[in-house]
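Visitor: Give me the fold of what follows.
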Amino acid sequence: MKSIKVSFFFLILLTSCMVDEIKENKGITTAQITSSNKDYREWAFFLYYTYKVDGIVYKGHSSQKISGKNLDDFMNRYFPLVYSTKNPGKSILLITPNDFNRWGMQFPDSLIWVKSKLSF
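Guide: Numbering: from 1, shown residues only. A predicted model of the protein is given here:
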(Lines give C-alpha, C1' and ligand atoms only; values in the text may rest on other atoms or scores of the structure.)
Protein backbone atom coordinates (compact mmCIF):
# COMPACT_ATOMS: atom_id res chain seq x y z
CA MET A 1 0.00 0.00 0.00
CA LYS A 2 2.87 2.36 0.81
CA SER A 3 4.43 1.83 -2.64
CA ILE A 4 1.12 2.75 -4.28
CA LYS A 5 1.01 6.03 -2.34
CA VAL A 6 4.62 6.82 -3.26
CA SER A 7 3.97 5.99 -6.92
CA PHE A 8 0.86 8.18 -6.94
CA PHE A 9 2.77 11.10 -5.37
CA PHE A 10 5.59 10.70 -7.91
CA LEU A 11 3.06 10.68 -10.79
CA ILE A 12 1.44 13.89 -9.50
CA LEU A 13 4.86 15.54 -9.17
CA LEU A 14 5.88 14.56 -12.71
CA THR A 15 2.59 15.80 -14.16
CA SER A 16 2.93 19.10 -12.32
CA CYS A 17 6.48 19.62 -13.65
CA MET A 18 5.34 18.82 -17.19
CA VAL A 19 2.44 21.29 -16.97
CA ASP A 20 4.77 24.01 -15.71
CA GLU A 21 7.23 23.37 -18.55
CA ILE A 22 4.45 23.49 -21.15
CA LYS A 23 3.08 26.73 -19.67
CA GLU A 24 6.53 28.34 -19.94
CA ASN A 25 7.20 27.04 -23.48
CA LYS A 26 3.73 26.51 -24.95
CA GLY A 27 3.23 25.46 -28.53
CA ILE A 28 -0.09 24.42 -30.08
CA THR A 29 -0.71 21.83 -32.77
CA THR A 30 -3.21 19.08 -33.59
CA ALA A 31 -3.05 15.42 -32.69
CA GLN A 32 -4.79 12.43 -34.22
CA ILE A 33 -6.31 9.77 -31.97
CA THR A 34 -4.87 6.46 -33.14
CA SER A 35 -6.05 3.89 -30.60
CA SER A 36 -7.48 3.39 -27.12
CA ASN A 37 -7.20 1.13 -24.12
CA LYS A 38 -9.24 0.79 -20.95
CA ASP A 39 -7.73 2.83 -18.13
CA TYR A 40 -6.82 0.97 -14.94
CA ARG A 41 -9.58 2.88 -13.11
CA GLU A 42 -12.23 1.12 -15.25
CA TRP A 43 -14.31 4.29 -15.75
CA ALA A 44 -12.03 5.92 -18.26
CA PHE A 45 -10.07 5.15 -21.40
CA PHE A 46 -6.56 6.02 -22.49
CA LEU A 47 -6.62 7.70 -25.88
CA TYR A 48 -3.33 7.27 -27.73
CA TYR A 49 -2.40 9.96 -30.22
CA THR A 50 0.28 11.11 -32.61
CA TYR A 51 1.31 14.62 -33.59
CA LYS A 52 4.05 16.32 -35.59
CA VAL A 53 6.35 19.13 -34.56
CA ASP A 54 8.99 20.31 -37.04
CA GLY A 55 8.45 17.19 -39.16
CA ILE A 56 9.05 14.79 -36.26
CA VAL A 57 6.23 12.47 -35.18
CA TYR A 58 5.57 12.20 -31.45
CA LYS A 59 3.24 9.92 -29.51
CA GLY A 60 1.26 10.53 -26.34
CA HIS A 61 -1.75 9.40 -24.38
CA SER A 62 -4.52 10.98 -22.38
CA SER A 63 -6.95 9.46 -19.90
CA GLN A 64 -10.53 10.55 -20.67
CA LYS A 65 -13.92 9.76 -19.18
CA ILE A 66 -15.60 8.38 -22.28
CA SER A 67 -18.44 5.92 -22.35
CA GLY A 68 -17.27 2.72 -24.07
CA LYS A 69 -20.15 2.91 -26.56
CA ASN A 70 -18.85 6.32 -27.70
CA LEU A 71 -15.19 5.39 -28.00
CA ASP A 72 -15.29 4.79 -31.76
CA ASP A 73 -16.44 8.39 -32.26
CA PHE A 74 -12.99 9.57 -31.17
CA MET A 75 -10.90 7.23 -33.29
CA ASN A 76 -8.89 8.90 -36.08
CA ARG A 77 -10.25 12.33 -35.13
CA TYR A 78 -8.05 15.39 -34.66
CA PHE A 79 -7.91 17.45 -31.47
CA PRO A 80 -5.86 20.44 -30.36
CA LEU A 81 -2.81 19.76 -28.24
CA VAL A 82 -0.43 21.91 -26.21
CA TYR A 83 3.21 20.87 -26.00
CA SER A 84 6.53 22.15 -24.75
CA THR A 85 8.52 23.91 -27.47
CA LYS A 86 11.59 23.10 -25.36
CA ASN A 87 10.77 19.38 -25.29
CA PRO A 88 8.04 18.56 -27.87
CA GLY A 89 7.61 15.05 -26.48
CA LYS A 90 5.74 16.58 -23.52
CA SER A 91 2.15 17.21 -24.49
CA ILE A 92 -1.41 17.51 -23.21
CA LEU A 93 -4.42 16.70 -25.38
CA LEU A 94 -7.31 19.18 -25.28
CA ILE A 95 -10.72 17.51 -25.54
CA THR A 96 -13.07 18.76 -22.81
CA PRO A 97 -14.23 22.31 -22.16
CA ASN A 98 -12.26 22.13 -18.88
CA ASP A 99 -9.08 21.25 -20.79
CA PHE A 100 -9.43 24.41 -22.85
CA ASN A 101 -10.28 26.54 -19.81
CA ARG A 102 -7.14 25.37 -17.97
CA TRP A 103 -5.03 26.66 -20.84
CA GLY A 104 -6.92 29.95 -21.25
CA MET A 105 -8.38 28.89 -24.58
CA GLN A 106 -11.93 29.02 -25.86
CA PHE A 107 -13.66 25.68 -26.44
CA PRO A 108 -14.14 25.48 -30.24
CA ASP A 109 -17.58 25.09 -31.82
CA SER A 110 -16.17 22.26 -33.93
CA LEU A 111 -15.90 20.12 -30.78
CA ILE A 112 -19.42 20.68 -29.40
CA TRP A 113 -20.22 17.05 -30.29
CA VAL A 114 -17.68 15.90 -27.69
CA LYS A 115 -19.79 17.12 -24.75
CA SER A 116 -22.45 14.46 -25.30
CA LYS A 117 -19.85 11.67 -25.64
CA LEU A 118 -18.00 12.25 -22.37
CA SER A 119 -18.95 10.86 -18.97
CA PHE A 120 -18.57 13.77 -16.54
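
Visitor: Identify the neighbouring strands of the longest strand along the chain in the sheet and state each direction.
Guide: Ranked by number of residues, the top strand in the chain under DSSP state E is strand 26-38. Strand 26-38 has the following strand partners under DSSP bridges: strand 45-53 (antiparallel), strand 78-84 (antiparallel).

Visitor: how about those strands, which one is nearest residue 71?
Guide: Taking CB to CB, strand 45-53 is the member of the strands paired with strand 26-38 nearest to residue 71, at 6.0 Å. For glycine as for every other residue, the C-beta is placed from the backbone atoms N, C-alpha and C.

Visitor: Would you mark the buried spots in that closest one?
Guide: Neighbour counts over strand 45-53 (16 or more other CB atoms under 10 Å) mark 45, 47, 48, 49, 51, 53 as buried.

Visitor: now do stretch 72-81
Guide: 74, 77, 79, 80, 81.

Visitor: cool, stretch 19-27 as well?
Guide: Neighbour counts over stretch 19-27 (16+ other CB under 10 Å) mark 19, 21, 22 as buried.

Visitor: chain center to that stretch: distance?
Guide: Stretch 19-27 sits 14 Å away from the centroid of its parent chain (CA atoms, centre = their mean, to the nearest Å).

Visitor: From the buried residues of stretch 19-27, which one has the minimum pLDDT?
Guide: Ranked by pLDDT, the buried residues of stretch 19-27 bottom out at residue 19 (85).

Visitor: Could you list which residues are in contact with that one?
Guide: residue 92 (CB atoms under 8 Å, 6 or more residues apart in numbering).

Visitor: ok now stretch 34-53, how far from the chain's centre?
Guide: 8 Å.

Visitor: Residues in contact with it: which ones?
Guide: For stretch 34-53, the surrounding residues in contact (CB under 8 Å, 6+ apart) are 27, 29-33, 57-66, 68, 71, 74-76, 79, 81, 83, 88, 91, 93, 95, 119.

Visitor: Now, of the residues you listed, which are buried?
Guide: Buried among the contacts of stretch 34-53 (16+ other CB under 10 Å): 31, 33, 58, 60-62, 64, 66, 71, 74, 79, 81, 83, 88, 91, 93, 95.
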